[in-house]
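Enquirer: 3D model of this:
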Amino acid sequence: MAELKAIGVLETKGLVPLIEGADAAVKAANVELVEWKQLSEKAVATRFADGTEVVADHATQTLRVNGKEVSSRQACPPGGATAGQIAG
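Expert: Alright, predicted model coming up:
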């Protein structure tokens, strides 16, 4: 019997957590990155008293990985945990 293929999905707020989560996912299991989408556009700007402005990316990002069923199941938890640590 052929092994089943499955997808795994990682959703984050911001691009940096998504990139870090994707890195952890592909290192944790034999999966390939299939698709990345930005689902919303949202940036939050903070202006400090000294005139410094910081813009944070809070757009919803999703990433899809593909691989054997067991690999997809193994890839998502480390990816999500890493993305969660980065996002705070």
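Enquirer: Low-confidence regions, the protein specifically.
Expert: 1-2, 42-47, 52-57, 88 (pLDDT under 70).
Enquirer: which residue is nearest the centroid of it?
Expert: Most central in the chain under Cα atoms, centre = their mean is residue 18, positioned 2.6 Å from the mean C-alpha point.
Enquirer: what's the offset of whatever helix or strand it lives in from the middle of its chain?
Expert: Assignment of secondary structure by DSSP states H and E places residue 18 within helix 15-28. Helix 15-28 has its C-alpha centroid displaced from the chain centroid by 6 Å (Cα atoms, centre = their mean, to the nearest Å).
Enquirer: And the following helix or strand past it, what does it pack against?
Expert: Next along the chain after helix 15-28, taking DSSP H and E as the criterion, comes strand 31-38. Where contact means 3 or more Cβ pairs under 8 Å, 6 or more residues apart in numbering; DSSP states H and E, strand 31-38 is packed against helix 15-28, strand 60-68, helix 69-87. C-betas here are computed from N, CA, C, even on glycine.
Enquirer: Can you lay out those as a markdown table showing distance to residue 38?
Expert: Shown next, in a markdown table, are the helices and strands packed on strand 31-38 (distance: least, Cβ to Cβ, whole Å):
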| stretch | distance to residue 38 |
| --- | --- |
| helix 15-28 | 8 |
| strand 60-68 | 6 |
| helix 69-87 | 15 |
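Enquirer: which neighbours does the strand or helix carrying residue 12 have in its sheet, and in what orientation?
Expert: Element membership for residue 12 (DSSP H and E) is strand 5-13. For strand 5-13, the paired strands and their directions (DSSP bridges) read strand 60-68 (antiparallel).
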